[in-house]
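1. Need the 3D shape of this:
(one chain, ligands or ions: 2)
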Amino acid sequence: MSHFYRQAHYTISATKLHELPTDQGIEVAFAGRSNAGKSSAINTITDIKSLARTSKTPGRTQMINFFALDESRSLVDLPGYGYAKVPEQVKLRWQATLGKYLETRRALRGLMIMMDVRHPLKDFDIQMLEWAQDANLPVHILLTKSDKFKSGAAKSAQLQVEKKLREQSLNATVQLFSSLKRTGKETAIAKLDQWFFPDTEDDNDDPAENDND
Ligand SMILES: Nc1nc2c(ncn2[C@@H]2O[C@H](COP(=O)(O)OP(=O)(O)OP(=O)(O)O)[C@@H](O)[C@H]2O)c(=O)[nH]1
Ligand SMILES: [Mg+2]
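-> Ligands and ions are numbered 1, 2, ... in the order given. Got it, this is the predicted structure:
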C-alpha cells in the first residue's frame, strides 16, 4: 500500500512528553542513533523528498515530529540518541524520555529502529530493544545505508545482526535498507502495513472485494 504513505503530512512537534498529541489512534516511531538515517527513511517510505529534515550534521532532529497519514495514523520521527556532542546531562534526559515514551504511549504499535549497517547494535540500540521487549512493542530494524556495502557484505551484516539478536533473546525482524538507492522500501512498507492495518488479511478474501452478485 505504498500510495497510502504518500499522504503523509507534518502535523506537530513536541520536545517533552506532555506536549505530545492526544494518545489515540495508531503511531509507529522511527528511532535510532543520531545520523542513522531515520529522517531519510521516512522521506523514502513516503516518497516525499523533504518531509522530514535530513542533515549531514548529526543531531538535526531535536523534536519529536509527527507526520499524519490519515486522521488516526501517524509516523513519528524521534531525535537520534547517542550524539557525542550533546552534553551528558541532556543525553541522559532524552534517553529517559524515550524510555518513558516507549513504556507509556498506548498509540505506539511498532518501533522501527534504524542502524547504520556498518555500525549496528550499539549499546543504546540494545537498550531500546530491551525497553521495547518489556513494553511488548514489536520492533523492525532497518540496516540503513546498505549502499555502502556490496550486496554480499550487506547480507552477511544482516545475518550477523540476526544471530546476535537470537543470542541475546531479543525479538526483532531485520532488513537491509538504502534511502540513496531506494532499496528495501517495499519490505519496510509491508511491515508498516501490518502495524497500521492489523485486521487486514494478506490473502485478499475480504468479502467486500468478492463482489459477485
Ligand atoms: N549513503 C547513504 N547515505 C544516507 C542514507 N540515508 C541517509 N544518509 C545520509 O546520512 C545522513 C543522516 O541522515 P538523516 O536521515 O538526517 O539521519 P537521522 O537519523 O534522521 O539523523 P538525526 O536526525 O540527526 O538523528 C545524511 O547525510 C543522509 O544523506 C543512505 O541510504 N545511504
Ligand atoms: Mg533526523
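2. Tell me the buried residues in the helix or strand of the chain with the lowest mean pLDDT?
-> Within the chain, no helix or strand scores below helix 88-104, which has a mean of 86 by mean pLDDT, DSSP states H and E. Residues 91, 94-95, 97-99, 101-102 are the ones in helix 88-104 that count as buried (16 or more other C-beta atoms under 10 Å). C-beta here means a position set from N, CA and C on the backbone, and glycine is covered the same way.
3. what's the closest non-adjacent residue to whichever residue of the chain sits closest to ligand 1?
-> Going by C-beta to the nearest ligand atom, ligand 1 is nearest to residue 80 of the chain, at 2.4 Å. Of all residues not flanking residue 80 in the chain, residue 34 sits nearest, at 3.1 Å (C-beta to C-beta, 6 or more residues apart in numbering).
4. One more: residue 5?
-> Going by C-beta to C-beta, 6+ apart, residue 5 has residue 46 as its nearest residue, at 4.7 Å.
5. What parts of this protein come near ligand 1?
-> 32, 34-40, 54-56, 58-61, 80, 114, 144-145, 147-148, 178-180 (C-beta under 6 Å from any ligand atom).
6. related to what we said a few turns ago, would you mind measuring from the residue nearest to residue 80 to residue 78?
-> The gap separating residue 34 from residue 78 is 11 Å, by C-beta to C-beta, to the nearest Å.
7. cool, and residue 176?
-> 21 Å.
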